[in-house]
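> model this:
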Amino acid sequence: MGFSFNLVKQDKKSYARAGEFITPNGVVKTPVFMPVGTQATVKALSPNEILDVGSQIILANTYHLHLRPGADIIAKAGGLHKFMGLADTIPILTDSGGFQVFSLSKLRKITDEGVEFQSHIDGSKHFFSPERVVDIQSKLGSDILMPLDECTAYGASYEEALSAVNRTTAWIARSVKHFEGVHKQKSATTKKPQALFPIVQGNMYHDLRIKSLNDLLPYARYGIAIGGLSVGEPLDTLQQVLDTLAPNLPSDKPRYLMGIGSPEKLVESVLRGIDMFDCVLPTRIARNGAVFTTRGRITIKNAQYKADFTSLDKECDCYACANFTKAYIRHLMNTDEILGHRLISIHNLRFLLRLTEQLRQAILGDKLQAFVKSFYKKYQKSLKM
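Here you go, the predicted structure:
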C-alpha cells in the first residue's frame, strides 16, 4: 500500500475539510494533531499510552536522532517503528532538522550546499546536505519525511525571507531528485514506500508565501507542508498568512502546518483548510503544571486547586480525568512526582486529539460554525491572545 488522500467532506462556509490520508501503516483521519516524539519517544508516555490517547500518527526528529543514537543503530533495530515499540501500528513522520537551522542559529553555518551544525551535546560538527537528510530518514524508516529547508525568524527582512525561499526551493528540488532517483521513494531499512512533503516558507510576506507555494507545487506529490509559522508571530498574523495560502493550496493532498499546538491556533487553522498539525507544546507545558481545559488553560500548582476534588476537565474522557482529581495531581506536581507530569501529558495530548476529532465530526455534520462558536464561548480566549 502506498499513499493517497481522500477528501471526505468540504465545509460550505470555510476552507475546513475532513479527509483520509492513506499510508502504509494506517489511515489517518483528518484534521489530526500529531504528538511529537523528538527523541523517538513522546515524553512521559509509553507506546500503549500514545495509542490510548487517540494518536493516529506521531513525529520524531532527524537532527536529534542523527546525534543520538544514530541512524545506523535505528536501522539495525529494523527502523523507527520497531525501535520505538510501535511496529506497524501508526505512521511516523520525521522532521528534517530544518527547524534546528532556525532554533540553533548560534551553532550552525548555512551555505547553498547545506548546513554545518555544531552539536549542542558535545560540540562535534555535522554537515546536513539535502541529500544526506533524505539518506538519514531513509535509514530511519519513517513513513513521511521532510526535506531540508530554511526557516527565518519573525521580523526577518524581505531580502532575508526571499533568500530563504529560493534556497529552500533549490534544496527541495535536490531532495526530491535524490529521494526519487537514489531511494526510489522507499526506505533503505524497511523497503516500504515513503512520502516527502515540500515545505512552504516566506516568513510573513504574503507574496513570498505564494511564490514559495507555486515553486514547490511540482514537488508536492504526496502532500505539502507550511513552515515558519510558529516563530513567535501573533495569532492574527498567522491567520492572515493562512488566508492568503488557503485558496491556493492543492485540494487533493494533505496540508500540514508545522509546529502549531495551541487550541485556538488549531481551530483557526482548521477553518483555513489545514489538515495536519504537530507541536511539543502539550507535553512541554505539562511538565510545568499547565493544563488545557475547555474553559481555558489553568496552572494546576496554584493554591486554589489544593482541595479541588473534581477532574482536570469534566468534558474530557482521558485516563487522568477518569481516575484522578485536581487536588491529587496538584499534590504530585508540587512534590515533583513523575506521575504528575505523566498524567497532565496524557490529558493535554488527549485534549488536542479530541479537539481535532470534534472538529472533524462538526465538518462531517455541517455543524462547524456552531462548534467553533461554542468552543470560544467556553474557552474564554480572544482571537488576539
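
> what comes up buried for stretch 27-40?
Residues of stretch 27-40 classed as buried: 28, 29, 30, 31, 32, 33, 34, 35, 36, 37, 38, 40 (neighbour count, 16 or more other Cβ atoms under 10 Å). Where you see a C-beta, it was placed from the backbone N, CA and C, and this is true even at glycine.

> dump these to TSV, plus distance to residue 15 and pLDDT.
Formatted as TSV, those follow (distance: Cβ to Cβ, whole Å; pLDDT from 0 to 100):
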residue	distance to residue 15	pLDDT
28	19	98
29	18	98
30	13	98
31	12	99
32	16	98
33	18	98
34	20	98
35	25	98
36	25	97
37	29	97
38	30	94
40	34	97
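
> which ones among those are found in strands?
28, 29, 30, 32, 33, 34, 35 (DSSP state E).

> quick one, what contacts the fourth one?
Translated: residue 32. Neighbouring residues of residue 32 by Cβ atoms under 8 Å, 6 or more residues apart in numbering: 21, 56, 57, 275, 276, 277, 353, 356.

> in TSV: the ones in strands among the buried residues of stretch 27-40, plus distance to residue 125.
Converted to TSV, these look like this (distance: Cβ to Cβ, whole Å):
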residue	distance to residue 125
28	37
29	42
30	39
32	37
33	35
34	31
35	31
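
> low-confidence stretches in the stretch 1-150 of the chain?
Confidence mapping of the stretch 1-150 of the chain against pLDDT under 70 gives the ranges 1, 101, 104.

> if we go to 80?
For the stretch 1-150 of the chain, the stretches with pLDDT under 80 are 1, 97-107.

> can you give me the strands for it?
4-10, 17-23, 26-30, 32-35, 58-61, 92-95, 108-111, 114-118, 125-128, 144-145 (DSSP state E, counting those that start in this stretch).

> what do you get for the stretch 201-350 of the chain?
224-226, 255-257, 276-279, 290-291, 298-299.

> buried deepest among these, which one?
By mean neighbour count, with neighbours taken as mean count of other Cβ atoms under 10 Å, strand 255-257 ranks first of the strands of the stretch 201-350 of the chain at a mean of 27.

> ok, that strand: who's next to it in the sheet?
According to DSSP bridges, strand 255-257 has the following sheet partners: strand 224-226 (parallel), strand 276-279 (parallel).

> in JSON lines: the strands of the stretch 201-350 of the chain, plus mean pLDDT and distance to residue 305.
Compiled in JSON lines, these are given as follows (pLDDT from 0 to 100; distance: least, Cβ to Cβ, whole Å):
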{"stretch": "strand 224-226", "mean pLDDT": "98", "distance to residue 305": "37"}
{"stretch": "strand 255-257", "mean pLDDT": "98", "distance to residue 305": "33"}
{"stretch": "strand 276-279", "mean pLDDT": "98", "distance to residue 305": "25"}
{"stretch": "strand 290-291", "mean pLDDT": "98", "distance to residue 305": "10"}
{"stretch": "strand 298-299", "mean pLDDT": "96", "distance to residue 305": "8"}
